[in-house]
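[1] have a look at this prediction, sequence included:
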Amino acid sequence: GGNCVAYIDNADNFKAYSKGMVHLLSSFVPDEFFVTDSLVVFTNEKTLRVFEDGETNILSTSTSNYFIGDDLLAFYNENEMKFMVYQNKSIVALEGIASDNILSSNFKASDDMLAYINYNDQFIHYSNQKSTILEPALPESFQTAKNIVAYIDGYTQAFKVFYNGSSEILEEVKPKSYKV
């Protein structure tokens, strides 16, 4: 990661080195852990935790579906049946969803934003506590990177991008391929 190193020591303690200090994150070995530029994300038996700026917080005690960007973490809270985002040390509920199955293939996170298809088949962009409906219907495909979303409009087949708060048509017909 950009600001820290996470590791399991010889006594099975999970620790992070950040800003010149070693922090004990937990006395158990996590099921899995990830390090981004700003966050250490780790789970144990469906409990999702995050370490940021010297603090460890429990985000959900029941989650199995989550997505990580550099500065944001999106997850489905099974207890509350809500799709939520952790960013800038706060949690925002985005959608009430009865099941997390809808999120598994319809969601992409990058750096400090995410794009997803909600339960009403709307194509949504989220960043810095603001949601924007990109399209009222399913895109054929989409990709994200940094602060840009590229997608094929599912209705018109136009190739579009969302950048700096607005959508633009790049091509009236879909390209043979695209990468972001």
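    That came through, no problem. Numbering: from 1, shown residues only.
[2] quick check: buried residues in stretch 160-173?
    K160, V161, F162, S167 (16 or more other CB atoms under 10 Å). Every C-beta, even on glycine, is put in place using the N, C-alpha and C of the backbone.
[3] what's the answer for stretch 49-61, then?
    For stretch 49-61, by 16+ other CB under 10 Å, it's R49, V50, F51, E52, T56, L59, S60.
[4] kindly report the same for stretch 130-139.
    So stretch 130-139, judged by 16+ other CB under 10 Å, has buried residues S131, L134, E135, L138, P139.
[5] from what I can see the fourth one touches Y119, true?
    Just to be clear, that refers to L138. No - using CB atoms under 8 Å as the test, L138 is too far from Y119 to be in contact (11.8 Å).
[6] picking up where we left off before, check the buried residues of stretch 160-173 for the minimum pLDDT and say which it is.
    On pLDDT alone, S167 ranks lowest of the buried residues of stretch 160-173, at 93.
[7] name the nearest residue to that one, ignoring sequence neighbours.
    K160 (5.5 Å; CB to CB, 6 or more residues apart in numbering).
[8] these two touch, right, that neighbour and V173?
    No - because the distance of 11.8 Å does not satisfy CB under 8 Å, K160 is recorded as not touching V173.
[9] quick one on the thing from earlier: from the buried residues of stretch 49-61, pick the one nearest S177.
    Ranked by distance to S177 (CB to CB), the buried residues of stretch 49-61 are led by V50 at 35.3 Å.
[10] how much space between that closest one and I117?
    Here the criterion is CB to CB, to the nearest Å. By it, V50 lies 25 Å from I117.
[11] ok, back up a step: work out for me the element the residue nearest to S167 sits within.
    strand 159-163 (DSSP states H and E).
[12] and that strand, which strands flank it?
    Paired with strand 159-163 in the same sheet, following DSSP bridges, are strand 148-152 (antiparallel), strand 166-171 (antiparallel).
[13] among the ones you listed, which comes closest to D37?
    For D37, the closest of the strands paired with strand 159-163 is strand 148-152, at 17.5 Å, according to CB to CB.
[14] in contact with the nearest residue to Y163 once chain neighbours are set aside, which residues are there?
    Of all residues beyond its chain neighbours, the one nearest Y163 is I148 (4.8 Å), with distances taken as CB to CB, 6+ apart. I148 makes contact with V161, F162, Y163, V180, according to CB atoms under 8 Å, 6 or more residues apart in numbering.
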